[in-house]
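A.B. asks: give me the fold of what follows.
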Amino acid sequence: QAQSMSEEPVRRYCCVNRNWNRDMELSAKVSQLARVMFIVPLIFGCISMALASEVRVDSYVKSVTEGDDTAAFQAAIDSGADVVIVPDIGRSWIVKPVFGRSNLTLHFEKGVVVEAKKGEYKPRKASMFNFECCTNVVVSGYGARLRMRKWEYHTKDYVRSEFRHAMRFMSCKNVLVEGL
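C.D. replies: Predicted coordinates:
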């Protein structure tokens, strides 16, 4: 019995020691995984910030005297840039309805005036800037103005409606409008 008692603690010690080594290896692997889980999002975050882009609507204008800037607005929005800047060009931007998208910041610089094009908002729910089923949208512009032609919409050429707006957000999530 004495012999078996002396061997038993040795066996237990070896088992404990073996488990301890396995636990240390597991702990090292978990530590490496935690570092990777921290570093990978950090790297991808930096890459995505570096890839974030910005465009100006005036870089898409073909002619200053054209009288319709809708194509420039739509092209800038459709470019896929994260930020679309509408600069003050010294005259009003004249637009037909423009359609936004998800993951967009639309920024109007101070002094910008965007006007609805005459005769282009005949449908009852026609709006200047339309966002449907979009997420993560920011529209900002302290000191900018969006002008609809309310007096025109009350003539016999138009169906009477209270739904013609400068901006319309339908089924959108995470939207911020500030300064307008």
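
A.B. asks: number of residues surrounding the residue lying closest to Arg149 once chain neighbours are set aside?
C.D. replies: Excluding its sequence neighbours, the residue lying closest to Arg149 (Cβ to Cβ, 6 or more residues apart in numbering) is Ala116, at 5.2 Å. In this view, the C-beta of every residue, glycine as well, is placed from N, C-alpha and C. If you count neighbours by other Cβ atoms under 10 Å, Ala116 ends up with 23.

A.B. asks: could you pull out the helices for this structure?
C.D. replies: 2-51, 70-78, 150-153 (DSSP state H).

A.B. asks: worst average pLDDT in those helices?
C.D. replies: Among those, helix 2-51 has the lowest mean pLDDT, at a mean of 54.

A.B. asks: so the residue nearest to Arg149 versus Ala75, what's the distance?
C.D. replies: 19 Å (Cβ to Cβ, to the nearest Å).

A.B. asks: next: Thr135.
C.D. replies: Look at Thr135 and Ala75: by Cβ to Cβ, they are 22 Å apart.

A.B. asks: same check on Phe131?
C.D. replies: Distance from Phe131 to Ala75, by Cβ to Cβ: 17 Å.

A.B. asks: have a look at those two and say which one is more surrounded.
C.D. replies: Neighbours per residue (other Cβ under 10 Å) separate Phe131 from Ala75, with Phe131 holding more: 23 against 16.

A.B. asks: before I go, just wanted to say thanks for your time.
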